[in-house]
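S.K.: Build me a structure from this.
(chains A, B and C)
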Amino acid sequence: MGNYREEIVKKFNDAKKSWEETSVNKTLSRFPERKKEFKTNFGLNIDRVYGPDENSDYNKLGLPGKYPFTRGVQPTMFRGRFWTMRQYAGFATAEETNERYKYLLANGTSGLSVAFDLPTQIGYDSDDAMSEGEVGKVGVAIDSLADMEILFDGIPLDKVSTSMTINAPSMVLLAMYIAVGEKQGVAPEKLNGTIQNDILKEYIARGTYIFPPKPSMRLITNIFEYCKEKIPNWNTISISGYHIREAGSDAAQEVAFTLADGIAYVQAAVDAGMDVDSFASRLSFFFNAHNGFFEEIAKFRAARRMWAKIMKERFNAKKEKSMMLRFHAQTGGSTLTAQQPDNNIVRVAIQALSAVLGGTQSLHTNSKDEALALPTEESVRIALRTQQIIAEETGVTDSIDPLGGSYYIEKLTDDIEKKAFDYINRIDEMGGAPQAIENGYIQNEIQKSAYDYQKSVETNDTVVVGVNKHKVEEQAPKNLLRVDMSVQVRQIAKLNKIKESRDNNKVQECLKKLESSAKDPNINLFPIVIESVKAYCTLGEICNTLRGIFGEYNQKIF
Amino acid sequence: MDYIRIRELSRFITQVENQDIIALEKLESLCLKNPSKSHVIGITGPPGAGKSTLTNKLISEFTKKGKVAVIAIDPSSFFSTGALLGDRVRMQEHSTNPNVFIRSLSNRNHLGGLSVSTPDIIKAFSVYNYDYIIVETVGVGQDEIDIVKFSDTVVLVLHPASGDDMQALKAGVMEIADIFVVNKADIKNEAEKTFNIINYWINLNPRKWNPPILKTQAINGEGVVELVEKINKHSDYILNNPESVRFRKEMKAKHELMAKLYLVVENLVQQKYPEFFEENSDKIIKGEIEPLMAAKNIISGVLK
Amino acid sequence: MGKKIRVLIAKPGLDGHDRGAKVVAQALKDAGMEVIYTGLRQTPEQIVSAAIQEDVDFIGLSILSGAHNTLLPKVVKLLKERGGEDIKVFGGGVIPGEDIPFLKENGIMEVFTPGTSLKECVDFIKDNA
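M.R.: Next comes the predicted model:
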């Protein structure tokens, strides 16, 4: 067989050489190509055509559901069931968002994805001075368990899976979710969903951190530990490259920095004495489906293969489930343009297709108006329909990893893997992701890519349709969704009511216990936080108590 | 201090930074009427040692006793001459404290760790009665020793480092330190190693003032109170032993005199012959004239 | 020694998306300006104190959270109260076109929306310095 392959490779290479010397050169002499060189977004040259090469190796691919999972994590993939269509949504108060969720569920969405407002994400109550102007703006405002009860009113938690984009205070929000479940009569082990809980990328790219890295890593490990016992179906972390890419990284950097963060979380849990196979299957990932159609498909495949190797070879995982990289994808927000917003529908469709061909487990498609404001109901529906059309009409779901074996895709997959592993090695030399973040290395690499990209747009080397080419005169769009200032007023009124009606002695007792437990790094804080939210301690009260002990992180500029 | 006075000072500093002669003359007359009572603390050390984070904590301590000014200097880009000044990020919690004034400077391509105008800006803060003036040097890891001429106490901040990094620092920078700080002391083994290397170096190079070595964790403030104690102790020491800073004062006087001589000459020439630089540098490039010749011609032309 | 254009770039409000702010800061630096970057989560008070202490010519505010109508005018108002009315304020980020007239009425000199080139931003500052 080996000889047979060598023969094919040789045959192709010989033929290609003579083809280049004759046909190609002849054409080039009359019609030069559009560009001097074609490059991937991560900087490698793209060949005119790919064919079999000496690197192709069955072991790098495997079969769907089999190590190294290049072709997918399940044996039947979308022939079994489609990915979860999960639209990130939330705005204003719990009442309005609850209504939007019911609308989405009625329209065929299969999982909820909660967007919290910024004060919630940074652990401030709606009446905090820092919250001014921000309440309910980019997501729903949650101050206490009372808001969470309204948010999921009439939505049975044993029937939906819920993803929550929450990081620094993820323990508090998950505690509230558990408490709502209990009130609905749903036992914790019946709950399904994900918390993002990925603090490292907050320091790198997204910016909604609260505490310094050390106590933050403790909270994450506490969650891993608690959930493996009590909420076994919960994805305890969603290690996110999405925001790294949005901050300007290229595709290879997205994979590299995300997996480097993943390595740090696994290492922290192992260092805390946990068996790698006891928690690794609950780790999930979150990637960007960006422009660069083939690169993106290759990226998802490379990430799966790399993680499988990392878990098996580096962490000696034994269970196959521990080696599977399951991921959620979202189309690239930064690729949307405010100019000619309808064009965004097309961008989103192509990006979504790359995520599907890359074997995603769930998908969020952006709405066309998101470069302008929060999406309207109509534009959210088009975004969801885009996924449904890909699933139901295109037929791309009928065979698994349909682009596997494409010479080009396989080469790109190998290239991304190589470049990303080079980055991971460099990060290892620095002492791991937390150290590389502390040094500013990761932020600087991303910043460089972001600046280079922007400059390439300005020189028209990168074309953005409607922005630097094919422009038209247009009017400022109307009818954008707005969250008015009354939301903050209503939210504060609700908060005050809760503070009056709850048992304030019990609240003080809980917070005191939380404070003393936070001081002892050997105590798992999760049960205490659950007790606190059930006593209607507010998010701000809990986070401020922890701020007092852990301190606050400050951004660094390098 | 009210808003009007803060605004006045900030504008005055801009004029001083731009080496505006009228502003500098005003500054000097204020200095003569109002001899400095400020304690100037220089913070220097390699990049990434945690200078800004430490400065941030020092502000917290010093504001308990008086008004604090911070001059934070970052490098400029050689070609564009622009600069990204980011030290302030780590001190923003003090931004709204009326007793704290933070000013970020670019070194404007000046070597030595300070900008040309830094000594004058220190004086400006002094005449506006700031009790503590903290000067954070560029921190590019080269020999940044100008700071010793313009501060009462020099704090050298190091991070737990490999022998190589220490090697690079050995000469000038080590000599100017009045206090050594090993920051990020939570990296225990390396911190201990660094401590020992410094200790060894001090024993080899004995001085009258025996510089203390402190371990700190600027991020959570550990060791900062001790650092303040040592800074105060050093302040007392130089007060009681004025001869110990004589050499510094001499260097400072010469440095300032030279700088002002240059400024006066430059201004003089600029007034009479504004194109002197372009015209003569052009001739030098073309090989029509040599620089010393050109300089002499310019000066004799101006003095005519 | 000539005067340099000094610009403060800050992110008011709570959103952590600083890609735009950092790219603009870098471009202004490359255009020869001195850029003071104050980082994330800055209150209008912090921004104004910093701008006055730094005696900047411009303040650039990047905001993507939707809180622009509250926070940007507040910066202008505080500047006036504290003797910084000569400091020019511009904004950028996800700001709907229909909000721009309101912001301009409230003292924001220019608003850069997504798709603006770095050159436009640099030229704006140079033209108005």
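S.K.: give me the low-pLDDT residue ranges for chain B?
M.R.: B:1, B:140-142, B:162-171 (pLDDT under 70).
S.K.: near chain A, which residues of it show up?
M.R.: B:48, B:53, B:84, B:86, B:89, B:90, B:92, B:93, B:219, B:220 (C-beta under 8 Å from any C-beta of the partner chain). Bear in mind the C-beta positions are built from the backbone N, C-alpha and C, glycine included.
S.K.: Please report how far the fourth one lies from residue C:25.
M.R.: Applying C-beta to C-beta, to the nearest Å, one obtains 9 Å for the distance of residue B:86 from residue C:25.
S.K.: list residues touching both of the two?
M.R.: Both residue B:86 and residue C:25 are contacted by residue C:37, under the criterion C-beta atoms under 8 Å, 6 or more residues apart in numbering or on different chains.
S.K.: Give me the more crowded residue out of those two.
M.R.: residue C:25 (27 against 21; other C-beta atoms under 10 Å in any protein chain shown).
S.K.: looking at it, the more buried one is touching residue B:84, isn't it?
M.R.: Yes. Counting by C-beta atoms under 8 Å, residue B:84 is a contact partner of residue C:25 at 5.8 Å.
S.K.: Adding secondary structure, write the residues of chain B next to chain A out as TSV.
M.R.: Formatted as TSV, these follow (DSSP: H, G, I helix; E, B strand; the rest coil):
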residue	secondary structure
B:48	coil
B:53	helix
B:84	strand
B:86	coil
B:89	helix
B:90	helix
B:92	helix
B:93	helix
B:219	coil
B:220	coil
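S.K.: Now narrow those residues to whatever sits close to chain C.
M.R.: Counting by C-beta under 8 Å from any C-beta, B:84, B:86, B:89, B:92 from the residues of chain B next to chain A sit close to chain C.
S.K.: Residue C:75 sits in which helix or strand?
M.R.: helix C:68-81 (DSSP states H and E).
S.K.: re the thing from before, return the member of the residues of chain B next to chain A nearest to residue A:91.
M.R.: Closest approach between the residues of chain B next to chain A and residue A:91, by C-beta to C-beta: residue B:92, at 29.5 Å.
S.K.: Residue numbers of the stretch 101-250 of chain B in contact with chain C?
M.R.: Neighbours of chain C within the stretch 101-250 of chain B, by C-beta under 8 Å from any C-beta: B:101, B:102, B:103, B:104, B:106, B:108, B:116, B:117.
S.K.: Correct me if wrong, but the fourth one is in a strand.
M.R.: Yes. According to three-state DSSP, residue B:104 belongs to a strand.
S.K.: coming back round to it: show me just the buried residues among the residues of chain B next to chain A.
M.R.: With burial judged by 16 or more other C-beta atoms under 10 Å in any protein chain shown, the buried subset of the residues of chain B next to chain A is B:48, B:53, B:84, B:86, B:89, B:90, B:92, B:219.
S.K.: what about the closest residue to residue A:540 other than its chain neighbours, helix or strand, and which?
M.R.: Among residues not flanking residue A:540 along the chain, residue A:125 sits closest, at 3.3 Å (C-beta to C-beta, 6 or more residues apart in numbering or on different chains). Counting by DSSP H and E, no helix or strand carries residue A:125.
S.K.: Name the nearest residue to the residue in the stretch 151-300 of chain B that chain A sits nearest to, sequence neighbours excluded.
M.R.: Scanning the stretch 151-300 of chain B for the residue nearest chain A gives residue B:220, at 6.0 Å (criterion: C-beta to the nearest C-beta). Spatially, and ignoring its direct neighbours in sequence, residue B:220 is nearest to residue A:551 (6.0 Å; C-beta to C-beta, 6+ apart).
S.K.: The one you found: how many residues sit nearby?
M.R.: Quick note: residue A:551 (other C-beta under 10 Å) scores 16 neighbours.
S.K.: quick one on the thing from earlier: which of the ones next to chain C among the residues of chain B next to chain A lies closest to chain A?
M.R.: Ranked by distance to chain A (C-beta to the nearest C-beta), these are led by residue B:86 at 3.1 Å.
S.K.: who touches the residue in chain C positioned nearest to chain A in this structure?
M.R.: Residue nearest to chain A within chain C: residue C:16 (1.6 Å; C-beta to the nearest C-beta). Counting by C-beta under 8 Å, 6+ apart, residue C:16 makes contact with A:202, A:205, A:206, A:207, A:208, A:209, C:40, C:41.
S.K.: Confirm residue B:233 sits in a helix?
M.R.: Yes. Under three-state DSSP, residue B:233 falls within a helix.
S.K.: ok so, going back, which two among the residues of chain B next to chain A are spaced furthest apart?
M.R.: Spatially, the most separated pair among the residues of chain B next to chain A is B:84 and B:220, at 27.1 Å (C-beta to C-beta).
S.K.: Near chain A, which residues of chain C? Just list them.
M.R.: Counting by C-beta under 8 Å from any C-beta, chain C sits next to chain A at C:13-19, C:22-23, C:26-27, C:37, C:39-41, C:43, C:65-67, C:69-71, C:94, C:96-98, C:100, C:113-115, C:117-119.
S.K.: will you turn the contacts of residue C:16 into CSV that also has pLDDT?
M.R.: What follows is the contacts of residue C:16, written out as CSV (pLDDT from 0 to 100):
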residue, pLDDT
A:202, 96
A:205, 94
A:206, 92
A:207, 93
A:208, 95
A:209, 96
C:40, 91
C:41, 93
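S.K.: Return the subset of the residues you listed lying in strands.
M.R.: C:40, C:41 (DSSP state E).
S.K.: ok, the contacts of residue C:16 vs residue B:19, which is closest?
M.R.: residue C:40 (34.5 Å).
S.K.: Run a quick neighbour tally on the closest one.
M.R.: Residue crowding around residue C:40 was assessed by other C-beta under 10 Å; the count is 23.
S.K.: Buried residues, stretch A:340-352. List them.
M.R.: For stretch A:340-352, by 16+ other C-beta under 10 Å, it's A:341, A:343, A:344, A:345, A:347, A:348, A:349, A:351, A:352.
S.K.: How about it and chain C, any contact?
M.R.: No. On the criterion C-beta under 8 Å from any C-beta, stretch A:340-352 is out of touch with chain C, staying 10.2 Å away.
S.K.: I'd like the average pLDDT over that stretch.
M.R.: Here stretch A:340-352 scores 97 as its mean pLDDT.
S.K.: I would like the residues contacting it, please.
M.R.: Outside stretch A:340-352, the residues that touch it by C-beta under 8 Å, 6+ apart are A:289-291, A:293, A:296, A:331-332, A:335-337, A:363, A:365-372, A:382-383, A:386-387, A:389-390, A:465-466, A:472, A:474, A:477.
S.K.: From the residues you listed, which land in helices?
M.R.: Counting by DSSP state H, the contacts of stretch A:340-352 place A:293, A:296, A:382, A:383, A:386, A:387, A:389, A:390 in helices.
S.K.: Now do the same contact list for residue 8.
M.R.: Just so you know, I chose chain A. residue A:52.
S.K.: my bad, chain C
M.R.: Residues counted as contacts of residue C:8 (C-beta under 8 Å, 6+ apart) are C:35, C:36, C:37, C:38, C:47, C:50, C:51, C:54, C:56, C:58, C:59, C:60.
S.K.: SS state for it?
M.R.: Applying three-state DSSP: residue C:8 is strand.
S.K.: Between the residues of the stretch 101-250 of chain B next to chain C, which sits nearest chain A?
M.R.: residue B:104 (11.1 Å).
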